[in-house]
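Asker: coordinates only, no sequence provided:
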């Protein structure tokens, strides 16, 4: 109904890649708390997976949003949340602003290598005192001749220890309001850049997350993305690509977890009967499946809107809110059904439980999604 034969061919290819090139190594990368992104991205770039929607002039495939949805749905089959998130940073978070607002120089120098998998990208917006309140960021970029002097810090930066460049939001004016920020491409090989520390997390362990520091770092003025002081607006538009990426991940992972839980409940005998015979458990699982289907249909509605070039901010915010709530509820509820076994590190449900918690926080917390929905609904 939604996908053509060509879409399904891409789906099969991505699924095969996940099964052969990623899932066999997930446990190892989770233990190391880092995955070899340059190696993974180079393989993905060669297959065209990092530039599904991007202009073929820069190495992209020039395909539509349905192909992107197929990619995201299949990445959700990876046996952890960290690797899909790292990939989504490359495809849906750090590069959209460059593709949409960047100069020819930035597209050739950074977007093209990112699509090819020759460069690892990160998005650097969050700071120690500015998360959901993006306008509160303090990192500054002061114009000095043909450079900007960057000072400040960023935290919770996915891919931060491995990134070759950052798409970074900094304050370029002291004027009040939203027209005081600019987006930059910041190469990490320039003097003044420091990885302060690699952060340890309760989940998403295979994804490296860093705290970054900038000390009088001289950024070429040509690395400005779009128009000076309009970076906040550019970033808000980019957020829709980022938040959308959580939706397919959520409903695919939800179904995968439910399938694994049902399989366990069929085998686990309590008081002489399989646990799956308990009506309360079956009904709970059925309710979650209904919610996953609803989220999937909302996602497909959003894709249709995007294909018609409509503003999807309200609908994406709704989807992001529902995705975070659903996957958190399902991983918690399914872990409960596993009982003590669910607390064991070797169980997939334990990892899913840890990884799921981020979706209600990262890319805009649930509370921010509610504020956006309320404002756009006129109250």
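Answerer: Noted; the coordinates are in hand. Note that the structure is a prediction, hence the values are computed from the model and not measured. Numbering: from 1, shown residues only.
Asker: quick one, helices of the stretch 251-379 of the chain?
Answerer: Under the criterion DSSP state H, counting those that start in this stretch, the stretch 251-379 of the chain contains helices at 279-307, 313-338, 348-356, 366-376.
Asker: assign residue 217 to helix, strand or coil.
Answerer: strand (DSSP: H, G, I helix; E, B strand; the rest coil).
Asker: what's next to stretch 271-278, contact-wise?
Answerer: 262, 264-269, 281-282, 337 (C-beta atoms under 8 Å, 6 or more residues apart in numbering). Any C-beta I mention is one placed from the backbone N, CA and C, and that applies to glycine too.
Asker: selection in ChimeraX covering whichever of these are buried, please.
Answerer: In ChimeraX, this line selects whichever of the contacts of stretch 271-278 come out buried by 16 or more other C-beta atoms under 10 Å:
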select :262,264,265,281,337
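Asker: from the contacts of stretch 271-278, pick the one nearest residue 311.
Answerer: residue 262 (39.1 Å; C-beta to C-beta).
Asker: returning to what we had before: and of the helices of the stretch 251-379 of the chain, who's closest to residue 33?
Answerer: helix 348-356 (12.4 Å).
Asker: picking up where we left off before, could the helices of the stretch 251-379 of the chain go into CSV alongside mean pLDDT and distance to residue 219?
Answerer: Below are those laid out as CSV (pLDDT from 0 to 100; distance: least, C-beta to C-beta, whole Å):
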stretch, mean pLDDT, distance to residue 219
helix 279-307, 98, 32
helix 313-338, 98, 30
helix 348-356, 97, 34
helix 366-376, 96, 29
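Asker: need these in JSON lines (columns: distance to residue 172).
Answerer: Output for those, formatted as JSON lines (distance: least, C-beta to C-beta, whole Å):
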{"stretch": "helix 279-307", "distance to residue 172": "30"}
{"stretch": "helix 313-338", "distance to residue 172": "24"}
{"stretch": "helix 348-356", "distance to residue 172": "36"}
{"stretch": "helix 366-376", "distance to residue 172": "24"}
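Asker: quick one: which of those helices is nearest residue 95?
Answerer: Closest among those, using C-beta to C-beta: helix 279-307, at 16.7 Å.
Asker: next, the buried residues of the closest one.
Answerer: So for helix 279-307, counting by 16+ other C-beta under 10 Å, buried means 281, 284-285, 288-289, 291-292, 295-296, 298-300, 302-303, 305-306.
Asker: roughly how far is it from the heart of the chain?
Answerer: A distance of 20 Å separates the centroid of the chain from that of helix 279-307, by C-alpha atoms, centre = their mean, to the nearest Å.
Asker: that helix to helix 313-338, inter-axis angle?
Answerer: 160 degrees (axes from the mean of the first three to the mean of the last three C-alpha atoms, to 10 degrees).
Asker: so what secondary structure elements neighbour helix 279-307?
Answerer: helix 65-75, helix 246-267, helix 313-338 (3 or more C-beta pairs under 8 Å, 6 or more residues apart in numbering; DSSP states H and E).
Asker: so which of the helices of the stretch 251-379 of the chain comes closest to residue 189?
Answerer: Per C-beta to C-beta, nearest to residue 189 of these: helix 348-356, 31.0 Å.
Asker: what's the pLDDT at the residue lying closest to residue 103 once chain neighbours are set aside?
Answerer: Closest residue to residue 103 apart from its sequence neighbours, by C-beta to C-beta, 6 or more residues apart in numbering: residue 222 at 6.9 Å. Note for residue 222: predicted pLDDT of 98.
Asker: could you pull out the buried residues of the helix or strand harbouring residue 38?
Answerer: If you go by DSSP states H and E, residue 38 is part of helix 37-46. Under the neighbour-count criterion of 16+ other C-beta under 10 Å, helix 37-46 has 37, 40-41, 44-45 buried.
Asker: next one: stretch 80-87
Answerer: Result for stretch 80-87 [16+ other C-beta under 10 Å]: buried residues 80-87.
Asker: then stretch 175-187?
Answerer: For stretch 175-187, using 16+ other C-beta under 10 Å, the buried residues are 179-187.
Asker: closest to residue 232 out of those residues?
Answerer: The closest of the buried residues of stretch 175-187, once distances to residue 232 are taken by C-beta to C-beta, is residue 181, at 4.2 Å.
Asker: now that closest one. Its backbone dihedrals?
Answerer: phi -130, psi 150 (degrees, to the nearest 10).
Asker: low-confidence ranges, the stretch 1-150 of the chain, go.
Answerer: 131 (pLDDT under 70).
Asker: how about a cut-off of 90?
Answerer: Applying pLDDT under 90 to the stretch 1-150 of the chain picks out residues 1-2, 128-137.
Asker: next one: the stretch 151-300 of the chain
Answerer: 174-178, 235-239.
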